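> I need the structure of the sequence given here:
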Amino acid sequence: MQNVLLSLHLINTIALVVVILLQRSDGGALGIGGGGPGSMFSQRGQASFLTRTTALLAASFMVLSIALAFVSGAGGDVISVPGDVLDSGGEGTGDGGAVPAFPTLPELPEAPQ
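Residues are numbered from 1 along each chain as shown. Have a look, this model is predicted:
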């Protein structure tokens, strides 16, 4: 299931990038604008079609992202995932993660005489 969602997410992402790059920019530098008024998509029709397609792909991108988050094992409990630093309770102290008020310092070696 996760591989299917990941594949759909990848295809959706590539399609979203392509549709965004096809849109006409305000400066006209990156836009691929359509042909004459007799073409299949006029300037207005192309802008409307690409805008709707972008909105649809963006909505499906968000839905697929949320679905992948749930399927990947995080479920609804995103904060305390297994292996979380806060759940480990320190470095194996065995006392539930209690931290001493003042850490003990190691013994210093004797100075040579």
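
> Show me which parts of the longest helix along the chain are buried, residue by residue.
When the chain is parsed with DSSP state H, its longest helix is helix 43-69. Within helix 43-69, the residues that qualify as buried are 46, 50, 53-54, 57, 64, 68, counting by 16 or more other Cβ atoms under 10 Å. Every C-beta, even on glycine, is put in place using the N, C-alpha and C of the backbone.

> Can you tell me which of those comes closest to Gln23?
Taking Cβ to Cβ as the measure, Gln23 lies nearest Leu50 of those, at 5.0 Å.

> Ignoring the adjacent residues along the chain, who's closest to that closest one?
Gln23 (5.0 Å; Cβ to Cβ, 6 or more residues apart in numbering).

> Look at that neighbour and say how many residues are nearby.
Applying other Cβ atoms under 10 Å, we find 16 residues neighbouring Gln23.

> show me where pLDDT drops low in the chain?
For the chain, the stretches with pLDDT under 70 are 25-47, 74-103.

> residue ranges for the helices of it, please.
Applying DSSP H to the chain gives helices spanning 2-22, 43-69, 85-88.

> Looking at those helices, which is nearest to Glu107?
Ranking these by proximity to Glu107 (Cβ to Cβ) places helix 85-88 first, at 27.6 Å.

> And Val4, how far from Val71?
Distance, Val4 to Val71, by Cβ to Cβ, to the nearest Å: 9 Å.

> who has more neighbours, those two?
A count of neighbours by other Cβ under 10 Å puts Val71 above the other of Val4 and Val71, at 15 against 9.
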